[in-house]
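Visitor: just need the structure, nothing else, for what follows:
(chains A and B)
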Amino acid sequence: MQSILETFDELFREAFITIGYPGELGGVQESFRGIAPYQCNGAMRASGISKKRGTYVSPSDVASLVIKNLQNHPMIDKLEIGGPGFINIYPSVNSLRDRALELLFDKNLGIKQELPLSIIIDYGGANVAKPMHVGHLRSAVIGESIKRILRAQGHNVIGDVHMGDWGLQMGHLISELQIEQPNLPYFDENITSDFPDISPVNMDDLARLYPQASAAAKNDDDRMELSRTATAELQSGRLGYRALLEHFISVSVAALKVGYGKLGVEFDLWKGEACVDPLIPDMIKELKLKNITEEDNGALIIRVQEENEKLDIPPLMLLASSGAVLYHTTDMATLVDRKETNNPDLIIYVVDQRQALHFEQVFRAASKAGWFHPDQLIHVGFGTMNGKDGKPFKTREGGVLRLQDLLDIMNNSARKRLEESGIGIGFDYHERLEIARKVGLAALKFADLQNQRLTNYIFDPVRFTSFEGKTGPYLLYAVVRIKSILRKAVSANIVLEDQSIDLSHSSEQQLLIALDAFGKSVSIAGVKYSPHILCDHVYRVAQAFSRFYADCPILSEEIPKPLQSSRLSLAKLTLLQLEKALNILGIEAPERM
RNA sequence: GGGUCCGUAGCUCAACUGGAUAGAGCAGCCGCCUUCUAAGCGGCAGGUUGCAGGUUCGAGUCCUGCCGGGCCCGCCA
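Guide: A predicted model of the protein is given here:
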């Protein structure tokens, strides 16, 4: 199962070897300049090599030699030299036809299957007690897509939300709750069991308590001390506090499941930092035994700076001088946990790029401890979400935009657009709502995913809710048009034979060439952990399909049966690929819209 | 100060391993619904890739310096 691109790549590598140059010069790539579908650029470099050898051959002569070698190949229609020595490659229509049938019957739709690795992907970035807002969008959406890309390639991937539920933030919550409700049994040191099953707080309480405490502690050392003490007591195992933490976590998880569910994001594990707390004492013993820790100003650290290294990288901090554990510590303990329970080949962290240094420290320390090779630990960062002014996005009132509000904006906007178009008028109310939900969510996710990860992201509600051009809804539109044709074909008793595919029209050929690149796009997106590469591909396919749709009628009476059947198969193939690709991006399409 | 990411069309973004005339979408202009969904299709226009050097057949991409911006830099997570 090989794409046309890969086949040409092999052919040209062989050809370069045949005429005495390194095979790598024969790399073939897609050409997006409207000259030819594919091109090979190795002749210039080959010419350079010949010069060094003292037997100069001009680029165009190298290209001529290569062409001579590949003449009359059944997969090639035409080869020509362009510019200084570019080889333009035109595939034969037969090769496109063969490829179309192959794709139609490939259960992986052209996605190359890799040797399965066991992978944990840590994404979502959720915290206990903090409601989801726009800042949580990217990790969830990008992480989910990377998870699905890797699964599509055959890897075994476990997604872990890995909540922030440990450390000072919990101390803030506990102490703030104590100020509000001092008589709760959790705060009475004499009570050590039989705490109530019902949580004393709900999600709204938590969402209020945390910023309240954090603001109060900022300018008040005594208030901060209360939080620190509560943190330390929680971590040393005070039972009332532990019981309280359980409530905080379960209240938060319930809310998070709803939030992520609305985004179509699913986790296999709902672990958090608190889960690995019991592993910390033994881990510290182990690290001390391995002689990689040091005491420094009362704190326990691991130095991760290499000798003679210019980079000024601070040490990893295992224990604060107060004895409290920190973010570093729990991340290290999480690695111990993952090593023991899953022993994965790879751990991927989809976390804001601002934490790059943190992960560098943890990865180095884990490597020093001998747990993982540095190549096994990967930080997939992404840019921050800013407003139009380039600063972190704020609502008009200056606050953070809640995720639910964002979803509502998308939803309403999609519903309005649906009403304006008048198309959904025959659908019942619930179907219209469901379509609006899917359209809004597709717009949101595609807008997020199509950016290259690392660039900062400008959140512009106006642009997000426009459903024309390179947007999620454009892709859905292509999908539902195909579904509509297939439905009509069924009711007209047109049989889908999938026997032969014609491809005489250039729009049919262009569509097939676009479809052929799917496998490569998934591979590159997987290697680079970059869903935007797949977004680009899907958009190209949808574009090629729209052109085909406009140029090549299918159900019209005037179309001869064999051509009709062929075009129907091509439409079906496009649908299969679009649905798979959208699924990998985490985007759901309606049946009709 | 050190590190890191970035600077591409009016706006938002692409450009894989250094490849031809730097591509899309939006906004603007011109066409296309008696034919499978016009959330569509075709076309026009829009650029000194922040600046200056360097490497080479060839640079948005690699190197050096500068200008501008975001972010990070041991007891928050």
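Visitor: quick one, what contacts A:Leu168?
Guide: A:Ser227, A:Arg228, A:Thr231 (CB atoms under 8 Å, 6 or more residues apart in numbering). Placement of C-beta: from N, CA and C, glycine included.
Visitor: now find how far off-centre the one helix or strand the last one maps to is within its chain.
Guide: A:Thr231 belongs to helix A:221-235 when assigned by DSSP states H and E. The gap between the average C-alpha position of helix A:221-235 and the chain average comes to 38 Å, counting by CA atoms, centre = their mean, to the nearest Å.
Visitor: ok, residues contacting the helix or strand of chain A with the lowest mean pLDDT?
Guide: Scoring the helices and strands of chain A by mean pLDDT, DSSP states H and E places strand A:457-458 at the bottom, with a mean of 76. The contact list for strand A:457-458, computed with CB under 8 Å, 6+ apart, reads A:Arg138, A:Phe382, A:Gly383, A:Thr384, A:Met385, A:Asn386, A:Gly387, A:Lys388, A:Gly390, A:Asp448, A:Asn451.
Visitor: for the fourth one, what are phi and psi?
Guide: I take that to be A:Thr384. Torsion angles at A:Thr384 (phi, psi; degrees, to the nearest 10) stand at phi -80, psi 160.
Visitor: which residues pair with the residue in the stretch 1-150 of chain A that RNA strand B sits nearest to across the strands?
Guide: Nearest residue of the stretch 1-150 of chain A to RNA strand B: A:Gly82, at 2.5 Å (CB to the nearest atom of the strand). Beta-bridge partners of A:Gly82, counted by DSSP bridges, are A:Phe86.
Visitor: can I see the domain layout of chain A?
Guide: If you go by automatic domain parsing, the domain ranges for chain A are A:4-91, A:168-255, A:472-585.
Visitor: so who does the nearest residue to A:Phe464 once chain neighbours are set aside touch?
Guide: Once flanking residues are discounted, A:Phe464 sits nearest to A:Ala447: 5.3 Å by CB to CB, 6 or more residues apart in numbering. A:Ala447 is in contact with A:Arg463, A:Phe464, A:Thr471, A:Gly472, counting by CB under 8 Å, 6+ apart.
Visitor: got a pLDDT number for A:Ala447?
Guide: A:Ala447 carries a pLDDT value of 92.
Visitor: tell me how far it lies from A:Ile149.
Guide: According to CB to CB, to the nearest Å, A:Ala447 stands 19 Å off from A:Ile149.
Visitor: in stretch A:566-576, what counts as buried?
Guide: A:Ser566, A:Arg567, A:Leu568, A:Ser569, A:Leu570, A:Ala571, A:Lys572, A:Leu573, A:Thr574, A:Leu575, A:Leu576 (16 or more other CB atoms under 10 Å).
Visitor: next: stretch A:421-429.
Guide: A:Gly424, A:Phe427.
Visitor: how many residues are close by A:Gln564?
Guide: Around A:Gln564 sit 23 other residues, with neighbours defined as other CB atoms under 10 Å.
Visitor: correct me, but it touches A:Leu496?
Guide: No: A:Gln564 is beyond contact range of A:Leu496, at 10.0 Å (criterion: CB atoms under 8 Å).
Visitor: thinking again about what came up before, the contacts of A:Ala447: which two are farthest apart?
Guide: Greatest spatial distance among the contacts of A:Ala447 (CB to CB): A:Arg463 and A:Gly472, at 12.3 Å.
Visitor: those two: which is more packed in?
Guide: Neighbours per residue, other CB under 10 Å: of A:Arg463 and A:Gly472, the larger number sits with A:Gly472, 30 against 13.
Visitor: next up, the contacts around the more buried one.
Guide: Counted by CB under 8 Å, 6+ apart, A:Gly472 has contacts A:Val439, A:Leu441, A:Ala442, A:Ala443, A:Leu444, A:Lys445, A:Phe446, A:Ala447, A:Ile587.
Visitor: ok, A:Lys438 next?
Guide: A:Leu476, A:Glu588, A:Ala589, A:Pro590, A:Met593.
Visitor: next, format those as JSON lines and append neighbour count, secondary structure and pLDDT.
Guide: Shown next, in JSON lines, are the contacts of A:Lys438 (neighbours: other CB atoms under 10 Å; DSSP: H, G, I helix; E, B strand; the rest coil; pLDDT from 0 to 100):
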{"residue": "A:Leu476", "neighbour count": "25", "secondary structure": "helix", "pLDDT": "97"}
{"residue": "A:Glu588", "neighbour count": "18", "secondary structure": "coil", "pLDDT": "96"}
{"residue": "A:Ala589", "neighbour count": "25", "secondary structure": "coil", "pLDDT": "96"}
{"residue": "A:Pro590", "neighbour count": "19", "secondary structure": "coil", "pLDDT": "96"}
{"residue": "A:Met593", "neighbour count": "25", "secondary structure": "coil", "pLDDT": "91"}
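Visitor: looking at those, which is nearest RNA strand B?
Guide: A:Met593 (4.6 Å).
Visitor: helix, strand or coil: sort out whichever residue of chain A sits closest to RNA strand B for me.
Guide: At 2.0 Å from RNA strand B, A:Gly469 is the closest residue in chain A, using CB to the nearest atom of the strand. With DSSP: H, G, I helix; E, B strand; the rest coil as the basis, A:Gly469 sits in coil.
Visitor: give me phi/psi at it?
Guide: The phi/psi pair for A:Gly469 (degrees, to the nearest 10) is phi 80, psi -140.
Visitor: so who does the residue nearest to A:Cys40 when sequence neighbours are not counted touch?
Guide: In space, and not counting its chain neighbours, A:Cys40 is closest to A:Ile87: 4.4 Å by CB to CB, 6+ apart. By CB under 8 Å, 6+ apart, the contact set of A:Ile87 is A:Phe12, A:Gln39, A:Cys40, A:Asn41, A:Ala43, A:Ala63, A:Val66, A:Ile67, A:Leu79, A:Glu80, A:Ile81.
Visitor: what ranges do the helices span in the stretch 351-500 of chain A?
Guide: Per DSSP state H, counting those that start in this stretch, the stretch 351-500 of chain A carries helices over the ranges A:356-368, A:403-421, A:429-449, A:461-464, A:472-491.
Visitor: ranking those helices by burial, who's on top?
Guide: The highest mean neighbour count among those, using mean count of other CB atoms under 10 Å, belongs to helix A:429-449: a mean of 21.
Visitor: RNA strand B contacts on the stretch 151-300 of chain A?
Guide: A:Gly164, A:Trp166, A:Gly167, A:Leu168, A:Gln169, A:Arg228, A:Thr231, A:Glu273, A:Asp296, A:Asn297, A:Gly298, A:Ala299 (CB under 7 Å from any atom of the strand).
Visitor: all good on my end, thank you.
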